[in-house]
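Colleague: Sequence plus predicted model, see below.
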Amino acid sequence: MPKKGFFCFILILLFVPLFAQTIHVSSFELPNGLKVILSPSSSMEAVAVCIYNTNGTRHDPADSRGISYLYQYLMFDGNENLESYDHVLFINKMGGIVSGRVSHDNSVFCEVLPASEINVALWLESERLKSLRLEDASIDFQKSQIFARINRLWETNLNFKAQTWINAKVFEGSPYASPLYGDLNKIRYLNNDRIRENYSKYQNLSNMLLIIVGKFDINELKAGINKFFQQIPPGKKLPGVVANVADQPSSFSVKNWLVPGQKSNSTFMAIKSPGKVSYNFVSFDFLRYYLTDPRISRLDYILNKVNKLNVEIESTVTDYFDANVLTIQLSCSKRINLEKAKYVLKQEFLALTANLITNADMKAVRSLMEIDFIKSAYSLEGRCLLIGEFYHMFGELNFFDAYLKRLRRVSAYDILESAKKYLLKENQVVLNVYPE
C-alpha cells in the first residue's frame, strides 16, 4: 500500500493548481421559463453548449417505456431548416464534437466547439427544439436499428445479458428494472403518432436547462440566447416520477447459468447500493473505490497477491439518482479458484463490517476520488453534466465546492457504517455462469 499512497501523493502535486481554484456558476431565466446556467472558463478557446433535459426513460409512459431512448437517435433527424445529420456535420466541420445520451433519469445533448462559433451551436439547438421532423421513415429506421443492435448484444455479449438480468432482479418493481431501450417488441411496433405526441411532453422548455461552459463574452452570449431561444413557447411542467427503490426490501438471490462454449467460470456479485441523491452515496462510492478501482484495488490485492488465485476482477456501477447496483465480476478458468475467491470475498466483506480501514488507505482513496472528480469538472462536457445533475437533484448550482466538502468529510467510521448497511448477504444478487 505505501507505493500506492506515494503514487496518489504525486498525482495530487500535479493537480495542486486545480485544487486551489473554485468553479464559478451563475444562472438566469428567460421569460418563457428556460433556465440558463453559465460557467465561464477563460483557460481555453472552446465552449460547450448543452441541453440538459430532466426527462429520462423512467418518465416514459409505463406501456411504452424506452421511447425516450429512441429520441436520442432521432435528435439529429433534421428539421425545418436542416437536413438529417446536418447538425453533426456543421459542428464537425468546425473541429467540434457532438454527443448525446439518454439515461433513466435525464437526457443530455452537447456540442463542444471553438468559442468563436458559439452562436452556431445555439442556433442548432434552438432549431431542433422548434421543429424536429420525426418523419415515419426515420422513426421506422431507428426502431429497426435499435432492435437489431440490442438483439446482437443479447446473443453475443454475456456481460450485457448478465447485467440486464441483474438490474431486473435488483430493481424489481421500479422503473430502473426496465432496460433503457424498454421492451423491444413494444417499441418496434409502437404507433409513430404516439411517438410524436410523447415528444412534445419530453422535449419542452419546462424540462430543460441550457448549460454553457467555456470561454464566452457574457453580453454577446446573452444576445445570442435571446435571439435564438426567447421566441420558443414555454412548456408545461409535468409531475416528477419517484422510483421507489430505496425502501424496497432486499433479499439474497442466487442463479446459475450453464452456457455452451463458455471457456471460463464467472460470478457476478451485485450489491444494491445508494442512489446519487442519498446521503450515503459518497461513503459507499468511497468503499467502491477501495474495493475495485484498479489503481488501488483491495480485492486484487487480497485475491491475487495474497491468495494467488489468478482471478480476473471487473466491476461496473450504475449511475442512477435513487438507487444503484455495484456489480463485481470474478472470472477464472479453474472452477476451484473461483469458489475460493468467492469465499475470500465474503470474508473481506465481513471484515469491512467490523473493522476500520487504515488512515493510509483513506488518504489514498480520497486522493483518487478527488482527482477523478476534478478531471471531470475541468472537462467542458463533464462540467455541463455535473452542473446539470447537481441542479436537477438538489436545486443548487455550487456543485464543485459542495462535492469536495462532502468527500473530505467522509471518515473511516462512515465507511464502516456504509459497509454494515450495504455489504450484507441479503443485499446481494449473485449470478454464477459456468461452462456447460
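Modeller: Looks like it arrived, so ask away. Residues are numbered from 1 along each chain as shown.
Colleague: which residues in the stretch 51-200 of the chain form helices?
Modeller: Applying DSSP state H, counting those that start in this stretch to the stretch 51-200 of the chain gives helices spanning 67-74, 86-93, 118-131, 136-156, 158-170, 184-188, 192-202.
Colleague: ditto for the stretch 201-350 of the chain
Modeller: 218-229, 281-292, 298-300, 335-352.
Colleague: so the last one versus helix 281-292, what angle?
Modeller: Relative orientation of helix 335-352 and helix 281-292, computed by axes from the mean of the first three to the mean of the last three Cα atoms, to 10 degrees: 140 degrees.
Colleague: What helices and strands are in contact with helix 335-352?
Modeller: strand 265-274, helix 298-300, strand 323-332, helix 412-422 (3 or more Cβ pairs under 8 Å, 6 or more residues apart in numbering; DSSP states H and E). C-beta coordinates here come from the backbone N, C-alpha and C atoms, glycine included.
Colleague: Likewise for the second one?
Modeller: Contact analysis of helix 281-292 by 3+ Cβ pairs under 8 Å, 6+ apart lists strand 265-274, helix 298-300, strand 312-317, strand 323-332, helix 359-377, helix 399-408, helix 412-422 as its packing neighbours.
Colleague: Can you give the contact residues for that helix?
Modeller: Contacts to helix 281-292, defined as Cβ atoms under 8 Å, 6 or more residues apart in numbering, come from residues 273-275, 296-299, 313, 315, 317, 326, 328, 348, 352, 357, 361, 365-366, 368-369, 403, 406-407, 410, 414-415, 417-419, 422-423.
Colleague: Kindly report the same for stretch 391-409.
Modeller: Contacts of stretch 391-409 (Cβ under 8 Å, 6+ apart): 22-23, 25-27, 37, 52, 54, 105-106, 209, 276-277, 282, 286, 321, 366, 369-370, 373, 377, 386-387, 389-390.
Colleague: same thing but 7 Å
Modeller: For stretch 391-409, the external contacting residues (Cβ atoms under 7 Å, 6 or more residues apart in numbering) are 22-23, 25, 27, 37, 54, 106, 209, 276-277, 282, 321, 366, 369-370, 373, 377, 386-387, 390.
Colleague: what's the average pLDDT for that stretch?
Modeller: Averaging pLDDT along stretch 391-409 gives 95.
Colleague: ok, and for it, which residues are buried?
Modeller: By 16 or more other Cβ atoms under 10 Å, the buried positions in stretch 391-409 come out as Tyr391, His392, Met393, Leu397, Asn398, Phe399, Phe400, Tyr403, Leu404, Leu407.
Colleague: Report the inter-axis angle for the strand or helix carrying the first one versus helix 399-408.
Modeller: Right, the one you point to is Tyr391. Assigned by DSSP states H and E, Tyr391 belongs to helix 380-394. Between helix 380-394 and helix 399-408, the angle comes out at 70 degrees (the same axes, to 10 degrees).
Colleague: Any buried residues in helix 380-394, and which?
Modeller: Buried, per 16+ other Cβ under 10 Å, within helix 380-394: 380-393.
Colleague: Look up how far His24 lies from the spatially closest residue to Asp60 that is not a sequence neighbour.
Modeller: Closest residue in space to Asp60, ignoring its immediate chain neighbours: Ile67 at 5.0 Å, by Cβ to Cβ, 6 or more residues apart in numbering. Distance, Ile67 to His24, by Cβ to Cβ, to the nearest Å: 37 Å.
Colleague: which of the two has more neighbours?
Modeller: Neighbour count, other Cβ atoms under 10 Å: between Ile67 and His24, Ile67 has more, with 23 against 12.
Colleague: In terms of pLDDT, where does Gln71 sit?
Modeller: Heads up, residue 71 is Tyr, not Gln. 92.
Colleague: tell me the contacts of it?
Modeller: Tyr71 touches Val102, Tyr199, Tyr202, counting by Cβ under 7 Å, 6+ apart.
Colleague: same thing but at 10 Å, please
Modeller: Tyr71 sits next to 53, 55, 57, 60, 77, 100, 102, 107, 109, 132, 134, 142, 195, 198-199, 202-203 when contact means Cβ atoms under 10 Å, 6 or more residues apart in numbering.
Colleague: and Glu155, how many residues sit next to it?
Modeller: Neighbour tally, Glu155, other Cβ under 10 Å: 9.
Colleague: just the one 10 residues further on next, same as before
Modeller: Here the number of neighbours of Trp165 (other Cβ under 10 Å) works out to 16.
Colleague: likewise Asp105?
Modeller: Asp105: 25 neighbours (other Cβ under 10 Å).
Colleague: That one contacts Asn324, correct?
Modeller: No: between Asp105 and Asn324 there is no contact under Cβ atoms under 10 Å: 11.2 Å.
Colleague: any shared contact partners between the two?
Modeller: In contact with both Asp105 and Asn324: Tyr176, Gly275, Lys276, using Cβ under 10 Å, 6+ apart.
Colleague: between those, which is nearest Gly33?
Modeller: Nearest to Gly33, judged by Cβ to Cβ, of the shared contacts of Asp105 and Asn324 is Lys276 at 25.5 Å.
Colleague: can you tell me which residues contact Met208?
Modeller: 33-36, 51-55, 107, 125, 129, 229, 232, 235, 388.
Colleague: and which of those is nearest Leu258?
Modeller: Closest to Leu258, out of all of these and judged by Cβ to Cβ, is Ser107, at 38.8 Å.
Colleague: What separation do you get for that closest one and Gly182?
Modeller: 15 Å.
Colleague: Worst mean pLDDT across the helices and strands of this protein, which element?
Modeller: helix 16-19 (a mean of 44; mean pLDDT, DSSP states H and E).
Colleague: Sketch out the low-pLDDT regions of this protein for me.
Modeller: Confidence mapping of the chain against pLDDT under 70 gives the ranges 1-21, 238-250.
Colleague: domain assignment for it?
Modeller: Using automatic domain parsing, the domain parsing of the chain gives 22-229, 253-435.
Colleague: Quick one: end-to-end length of the longest one, please.
Modeller: Okay, so that is domain 22-229. Domain 22-229 has an end-to-end distance of 30 Å (criterion: Cα to Cα, to the nearest Å).
Colleague: and what of the shortest one?
Modeller: Criterion Cα to Cα; first-to-last residue distance in domain 253-435 is 21 Å.
Colleague: Work out the gap between it and the centre of the chain.
Modeller: Here domain 253-435 is found 15 Å from its chain centre; the criterion is Cα atoms, centre = their mean, to the nearest Å.
Colleague: same question, stretch 217-237
Modeller: Chain-centre distance of stretch 217-237: 28 Å, with Cα atoms, centre = their mean.
Colleague: What residues of it count as buried?
Modeller: Leu221, Gly224, Ile225, Phe228, Phe229, Ile232, Gly235.
Colleague: Other residues contacting that stretch?
Modeller: Against stretch 217-237 from outside (Cβ under 10 Å, 6+ apart): 26, 28, 30-34, 36, 38, 40, 47, 49, 54, 115, 118-127, 129-130, 200-208, 210, 212, 216.
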